[in-house]
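[1] pasting a predicted model and its sequence here:
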Amino acid sequence: MEKLEALKISSMRPRSNILDRPLSKGKCEVSQSIVALLFSEIVQYSQSRVFTVPELQTRLHDLGQDVGTRIIDLYFVRERSSKRETKLTQMLLFVKTTVWKNLFGKEAEKLEHANDDERTYYIIEKEPLVNTFISVPKDKSSLNCANFTAGIVEAVLTHCGFPCKVTAHWHKGTTYMVKFEDFVIARDKQMEEK
């Protein structure tokens, strides 16, 4: 009889759904070494299916876009109380802080606006986690695995209504160049006028 009551009580407890838990727990749920191992496997898998460094970077970028699409969907499912950003600068700050913290456990170092092009912004990270544990052979010295992160950022911004192209470059560590579509800048200017 006691077993039956214990079974009823345990079945009446609300079960925590993984989608209902908040993203930010204050501590990393997955160790860096596991992430490094998995990412290393992704790079090796991708490398075995391409012939040149640009093809590998494109493949990593595409895989990053798949991850970015899922990350932003998961974020908005879990964080129901958060508001959707409609201004460009606020969206970029959201990526630099919230998205970066959820992915890498820290904020990106800098967010800069290009002086010569109003459509271009830079997110700067001195030592990206995705480059930390990858040893690049000498014949592939131009490889920047941060193209994976560039794909994530591009997907997050695009799926939030800010279509852009994001590329990763070796400059001040790694610089992600975010180039928005013309209408995104025009829409942002209209919103500032109101």
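    Nice, I can see it. Just so it is clear, the model here is predicted, and its values are computed rather than measured. Numbers count the residues shown, from 1 in each chain.

[2] center of this protein, which residue is that?
    For the chain, residue 152 is the residue whose C-alpha lies nearest the centre (CA atoms, centre = their mean; 4.1 Å).

[3] mind naming the longest helix for this protein?
    Longest helix in the chain by number of residues (criterion: DSSP state H): helix 53-78.

[4] report the buried residues of the helix or strand just after it.
    Going down the chain from helix 53-78, the next helix or strand is helix 88-94, by DSSP states H and E. Judged by neighbour count using 16 or more other CB atoms under 10 Å, the buried positions of helix 88-94 are 88, 91, 92, 94. For glycine as for every other residue, the C-beta is placed from the backbone atoms N, C-alpha and C.

[5] nearest to residue 55, of those residues?
    Nearest to residue 55 out of the buried residues of helix 88-94 is residue 92 (CB to CB; 29.2 Å).

[6] could you report the distance from the closest one to residue 117?
    15 Å (CB to CB, to the nearest Å).

[7] equivalent analysis for residue 159, please.
    23 Å.

[8] again, but for residue 163
    Taking CB to CB, one finds residue 163 at 16 Å from residue 117.

[9] one more: residue 149?
    22 Å.

[10] residue ranges of the strands in this protein, please?
    Taking DSSP state E, the strands of the chain run over residues 110-113, 120-125, 164-170, 174-180.

[11] nearest to residue 55, of those?
    Of all the strands of the chain, strand 164-170 comes closest under CB to CB, at 15.0 Å.

[12] export the buried residues of helix 88-94 to CSV and tack on distance to residue 174 and pLDDT?
    CSV is the format used below for the buried residues of helix 88-94 (distance: CB to CB, whole Å; pLDDT from 0 to 100):
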residue, distance to residue 174, pLDDT
88, 22, 91
91, 21, 93
92, 17, 94
94, 20, 92
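
[13] got any ranges where the protein has weak pLDDT?
    1-16, 18-30, 80 (pLDDT under 70).

[14] follow-up on the earlier one: the residue nearest to the centre of the chain and residue 64 touch, don't they?
    Yes - in this structure residue 152 lies within contact range of residue 64 using CB atoms under 8 Å: 4.4 Å.
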